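>>> One predicted model, sequence on top.
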Amino acid sequence: MTTPGKKFKRMLRRPFEWLGIGLGLAILSSLPRRAMLGLCDFISSVMYRFDSKGRRHAEENLDAIFGKGALSASARERIIRRSYRNMARSVGHAFWTCRNALARVKASGEMAPAGREFLAANNPAVTVSGHIGCWEILSQLALLEGHRMMSVAKDIGSPAMTRLLMKARTSIGQEIVHADGAFRALMAGLKAGKSLGLLVDQAVRPSDGGVWVRFFGHPMPVSVAPAFFAAKGKAPVIVAWSRPLRDGRYRCEVVATYRPEEARDIWGFTQRCIKDLEGVIRRHPSCWVLNYNAFRKKPKPEELAELERREAAAAEKMR
């Protein structure tokens, strides 16, 4: 429930959100790629300096990934600073590709051979990732491989602001649907031969299509969308991420692939996809959006009991 205090804060914040998006569209999209990256790096330094709440969440997430005391203070600071830089560059890429989208995506990233082979052999497909590397470029690169792509967008600020960002994200030709009521539109798209691009490393309430799994050992409710669409739409799944390269570009790399029938166990498949992303984040923590409050939702006693029951059943099946 939105309180009057939260509504007032949103009202005060809205002009600044509009200013940020307006500057992003006007300035970032008009710069050469290296200048855009340099500006994003500067913005990330400012964000790191003033986002005390985000830095606290980043510290908590590093504790969840590696355990308390596992990293030195200097290592933690270095990882968090790089995470802010990665996040700023990803958002900057979204604005930058609003102009000359096809040419700019081609200049910014490449698909690894394994990904290219999978996409060539499986169309449509369900592509799964998280907010790791440049998550904005993944569906764009799949589109360049000949896939008609559909993705989901949540509200960002006001409805008008959300429409503006969705319009910018469709500049390359991918289709964006609003999170509310997305299941029906995505299933229709999949049946029409369109591939789906889904991000699954954010909390989704069970009432909104989530299920409780373990993320770095902590209970977290995440979307069952990949399992649902793969099983119902009989579409293969590719779990992938975009690795940042030294020259500021990205390479889409395959983490795992699955057949549609493997998704019939909705909970088990969802947990496997989260484990796949865990492995990437452990190896490349600075590429993940660390300032996200990943574990803010806590399971009810009955939800935790159900999660433990499922884990016990899965362990028994493995014996």
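Everything's here; your move.

>>> where does the protein dip in pLDDT?
Regions of the chain meeting the criterion pLDDT under 70 cover residues 1-24, 155-168.

>>> which residues in this protein form helices?
Counting by DSSP state H, the chain has helices at residues 4-26, 33-50, 52-66, 73-96, 101-108, 113-121, 135-144, 159-169, 182-191, 225-233, 266-283, 301-318.

>>> Pick the most buried one from those helices.
Mean neighbour count (mean count of other CB atoms under 10 Å) peaks for helix 135-144 among those, with a mean of 25. To be clear about C-beta, it is placed using only N, CA and C from the backbone, and glycine gets the same treatment.

>>> by how many degrees do that helix and helix 101-108 diverge?
Per axes from the mean of the first three to the mean of the last three CA atoms, to 10 degrees, the angle that helix 135-144 makes with helix 101-108 is 110 degrees.

>>> Same list (the helices of the chain) but as CSV, adding distance to Arg214.
Output for the helices of the chain, formatted as CSV (distance: least, CB to CB, whole Å):
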stretch, distance to Arg214
helix 4-26, 31
helix 33-50, 29
helix 52-66, 11
helix 73-96, 22
helix 101-108, 34
helix 113-121, 27
helix 135-144, 22
helix 159-169, 31
helix 182-191, 24
helix 225-233, 16
helix 266-283, 7
helix 301-318, 7
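
>>> For Arg259, which of these is the nearest?
Of all those, helix 225-233 sits nearest to Arg259, with 8.5 Å by CB to CB.

>>> Touching, Asn86 and Cys287? I think so.
Yes - counting by CB atoms under 8 Å, Asn86 touches Cys287, with 5.5 Å between them.

>>> got the contact list for Ala312?
Residues near Ala312 by CB atoms under 8 Å, 6 or more residues apart in numbering: none.

>>> picking up where we left off before, for Leu199, find the nearest of the helices of the chain.
Comparison of these against Leu199 by CB to CB identifies helix 135-144 as nearest, at 6.0 Å.

>>> Give me the common contacts of Asn86 and Cys287.
Joint contacts of Asn86 and Cys287 (CB under 8 Å, 6+ apart) are Gly133, Pro244.

>>> doesn't Gly130 make contact with Cys287?
No - here Cys287 lies out of contact with Gly130, judged by CB under 8 Å, at a distance of 9.8 Å.

>>> For the two, list the residues in contact with both.
Counting by CB under 8 Å, 6+ apart, the contacts common to Cys287 and Gly130 are Trp241, Val280, Ile281.

>>> which residues does the nearest residue to the first one once chain neighbours are set aside bridge with?
Okay, so that is Trp241. Spatially, and ignoring its direct neighbours in sequence, Trp241 is nearest to Ile132 (4.6 Å; CB to CB, 6 or more residues apart in numbering). Under DSSP bridges, the beta-bridge partners of Ile132 are Trp288.

>>> Can you tell me how far Ile43 is from Tyr84?
Look at Ile43 and Tyr84: by CB to CB, to the nearest Å, they are 9 Å apart.

>>> now Arg49
With CB to CB as the criterion, Arg49 and Tyr84 are 10 Å apart.

>>> Equivalent analysis for Glu262, please.
Glu262 is 36 Å from Tyr84, where distance means CB to CB.

>>> Contacts only, for the residue nearest to Trp241.
Taking CB under 8 Å, 6+ apart, we find Ile132 in contact with Asp201, Trp241, Ser242, Leu277, Val280, Ile281, His284, Cys287, Trp288, Val289.

>>> how close does the fourth one get to Arg34?
Okay, so that is Leu277. The value you get for Leu277 to Arg34, if CB to CB is used, is 30 Å.

>>> Quick one: neighbours of Gly69, just the number.
7 (other CB atoms under 10 Å).
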